[in-house]
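Peer 1: this is a predicted model, with the sequence first.
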Amino acid sequence: MISPLRGMKDLTFDESQRFEYIIETASTIARRYGYGYIETPILEETALFKRSVGESSDIVGKEMYQFIDKGENDVCMRPEGTAGVVRAFISAKLDRQPNKQKFYYYGPMFRYEKPQKGRLREFHQFGCESFGEASVYEDFTIISMMAQIFDALGIKYELIINSLGCSECMPPYRENLVNFLTDIQKELCEDCNRRIVTNPIRVLDCKNGKCQSHLNLSPKLIDNLCEGCDDDFKELTRMLETAGIAYRIDTNLVRGLDYYNKSAFEFVSSEIGAQSSIAGGGRYDKLVEFLDGKPTPAVGFALGIERIMELVKMPEEQPEGYYMGAMTPEAIPTILTLATRKRLTDKVTIEYTSKGFKSHMKGVDKANPKYAVLIGEDELANGTVWVKDIETKEERVVKVEEL
RNA sequence: GUGGAUGUAGUUCAGUCGGUAGAGCGACAGUUUGUGGCACUGUAUGUCGCGGGUUCGAGCCCCGUCAUCCACCCCA
């Protein structure tokens, strides 16, 4: 027997239904906000991810499904969705159009990690990317859209926000932070010592308790934002408050991907184990030009479908369509042609083996149809079918053509 | 990459001191042959993860291996 690869899963029945429901709900809401569907390749040139996600990140550093294809191209299976969408945006020369562009996408992502609860090697994300809108109101709109999606799915969440500053206020802060960290270097863990050089901002995010205890006094970016960033962040919090969206500011919230600036946000759930982050996003104003496009501000987010799968409250299933069966073998062809006709408009469950009434009714219970349709010897002789409305329990015998 | 736990029927699990497997759920059939869901009765199903070792004898003990789960880490 061949099993699926490590960290990859088949979805069937209840799970695949939940999956579809999440996509449908999120897509419907995204369309209301003016987003159009975009589909981009799963395989991309490795350089795309190195330049966008960043070589210092674990994702690019050690988790990519990277290989040389038969044409000797260095390629990767996408570990996240934003890079590909930005690349597509630039490839289509949309960065030279004056209008704003908004895209939503969903599909599989691949990261070669050790699997555990909420962490798979092939997982699925739903995401949105908004290009050309620099206003902080777009950041707010995206966050409220995410909140709306989670509300629609019946998922409880906590929203965490932070500002990562911009190219004006981040560099001086960064220098400031490096100085601070260098002073307390001896107290920090091995990883953090490496991060001081590679990505000092991430030290703030270290899960090591000893490190955290020394970081209390670290300079906070939130206190060192430039005027523009500060105003925007304050406006964002004001808007969230008026909208009644609860949030918590976490000055240590650092998104794991290098391309973010200004607003960063994350939705977390306390009900799904250690991998508690269910969606994340933020602004990435420099990424388009970084990937050789015309400078274009952008904001986006992605949500992890598997992470919220068990949290989703599914609507109750309604009885639908017909169950058809025969109690005499000669009636099976009649049932079949009837089913074919009905399937033009309705769901039909059909049983090909002729069997007793009771057996069929058990099949009816399983199929959960609106109507049960059976043909026995009498009906076959008269050219009729027996129909029962399962909800009202009302029974009728009608001509085959009249059904 | 590091650490811990677990692999027995479709599924959830039990299996004592080592004596070649059992329950619940589900499935299927039946309870006077055409009125279901409930109940009752009955039936079927196993490479005991895989490979080796110890033993008269291994689901159980030992070694290895693979997989799953959980945590660290990372992140959606």
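Peer 2: Cool, the structure landed.
Peer 1: outline the domain layout of chain A.
Peer 2: Chain A breaks down by automatic domain parsing into domains covering A:13-169+A:225-309, A:322-402.
Peer 1: just name the most buried of the ones you listed.
Peer 2: A comparison of these by mean neighbour count, using mean count of other CB atoms under 10 Å, puts domain A:13-169+A:225-309 on top with a mean of 18. (Glycine included, C-beta is placed from N, CA and C.)
Peer 1: all strands for the stretch 151-300 of chain A, in order.
Peer 2: Along the stretch 151-300 of chain A, the stretches classed as strands by DSSP state E, counting those that start in this stretch are A:158-163, A:248-249, A:261-268, A:277-283, A:298-304.
Peer 1: dump the ones you listed into CSV; add distance to RNA strand B as well.
Peer 2: Output for those, formatted as CSV (distance: least, CB to the nearest atom of the strand, whole Å):
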stretch, distance to RNA strand B
strand A:158-163, 11
strand A:248-249, 15
strand A:261-268, 6
strand A:277-283, 3
strand A:298-304, 3
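Peer 1: can you give me the end-to-end distance of stretch A:62-71?
Peer 2: End-to-end distance for stretch A:62-71: 24 Å, by CA to CA, to the nearest Å.
Peer 1: same list (the strands of the stretch 151-300 of chain A) but as a markdown table, adding mean pLDDT.
Peer 2: What follows is the strands of the stretch 151-300 of chain A, written out as a markdown table (pLDDT from 0 to 100):
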| stretch | mean pLDDT |
| --- | --- |
| strand A:158-163 | 96 |
| strand A:248-249 | 94 |
| strand A:261-268 | 94 |
| strand A:277-283 | 95 |
| strand A:298-304 | 97 |
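Peer 1: could these be laid out in JSON lines, adding distance to residue A:91?
Peer 2: As requested, those are exported to JSON lines (distance: least, CB to CB, whole Å):
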{"stretch": "strand A:158-163", "distance to residue A:91": "31"}
{"stretch": "strand A:248-249", "distance to residue A:91": "37"}
{"stretch": "strand A:261-268", "distance to residue A:91": "23"}
{"stretch": "strand A:277-283", "distance to residue A:91": "22"}
{"stretch": "strand A:298-304", "distance to residue A:91": "15"}
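Peer 1: what's the closest of those to residue A:47?
Peer 2: strand A:298-304 (19.8 Å; CB to CB).
Peer 1: return the list of helices and strands in contact with the closest one.
Peer 2: Helices and strands touching strand A:298-304, by 3 or more CB pairs under 8 Å, 6 or more residues apart in numbering; DSSP states H and E, are helix A:82-91, strand A:122-131, helix A:136-152, strand A:261-268, strand A:277-283.
Peer 1: quick one: which of those is nearest residue A:374?
Peer 2: Residue A:374 sits nearest to helix A:136-152 of all these, at 39.9 Å, using CB to CB.
Peer 1: what helices or strands is the closest one leaning on?
Peer 2: Under the contact definition 3+ CB pairs under 8 Å, 6+ apart, helix A:136-152 sits against helix A:13-32, strand A:122-131, strand A:158-163, helix A:227-243, strand A:261-268, strand A:277-283, strand A:298-304.
Peer 1: quick check: residue A:391 touching residue A:370?
Peer 2: Yes. Look at residue A:391 against residue A:370 with CB atoms under 8 Å: they come within range, at 7.0 Å.
Peer 1: out of the domains of chain A, nearest to residue A:213?
Peer 2: Evaluated over those, closeness to residue A:213 peaks at domain A:13-169+A:225-309, with 13.1 Å, by CB to CB.
Peer 1: follow-up on the earlier one: could the helices and strands packed on helix A:136-152 be laid out in a markdown table, adding distance to residue A:200?
Peer 2: Shown next, in a markdown table, are the helices and strands packed on helix A:136-152 (distance: least, CB to CB, whole Å):
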| stretch | distance to residue A:200 |
| --- | --- |
| helix A:13-32 | 35 |
| strand A:122-131 | 28 |
| strand A:158-163 | 16 |
| helix A:227-243 | 18 |
| strand A:261-268 | 16 |
| strand A:277-283 | 18 |
| strand A:298-304 | 24 |
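Peer 1: give me phi/psi at residue A:379?
Peer 2: phi -60, psi -40 (degrees, to the nearest 10).
Peer 1: isn't it right up against residue A:335?
Peer 2: No. Between residue A:379 and residue A:335 there is no contact under CB under 8 Å: 10.4 Å.
Peer 1: list the beta-bridge partners for the residue lying closest to residue A:260 once chain neighbours are set aside.
Peer 2: Distances taken as CB to CB, 6 or more residues apart in numbering place residue A:282 nearest to residue A:260, at 4.2 Å, with adjacent residues excluded. Per DSSP bridges, the residues bridged to residue A:282 are residue A:264, residue A:300.
Peer 1: between residue A:391 and residue A:370, which contacts overlap?
Peer 2: residue A:319 (CB atoms under 8 Å, 6 or more residues apart in numbering).
Peer 1: can you list the residues of the stretch 51-200 of chain A near RNA strand B?
Peer 2: A:57-59, A:63, A:80, A:111, A:113-120, A:123, A:125, A:191 (CB under 7 Å from any atom of the strand).
Peer 1: could I get the helices and strands packed on strand A:298-304 as JSON lines with distance to residue A:247?
Peer 2: Output for the helices and strands packed on strand A:298-304, formatted as JSON lines (distance: least, CB to CB, whole Å):
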{"stretch": "helix A:82-91", "distance to residue A:247": "22"}
{"stretch": "strand A:122-131", "distance to residue A:247": "19"}
{"stretch": "helix A:136-152", "distance to residue A:247": "8"}
{"stretch": "strand A:261-268", "distance to residue A:247": "8"}
{"stretch": "strand A:277-283", "distance to residue A:247": "14"}
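Peer 1: can you tell me the SS state at residue A:349?
Peer 2: Judged by DSSP: H, G, I helix; E, B strand; the rest coil, the three-state class of residue A:349 is strand.
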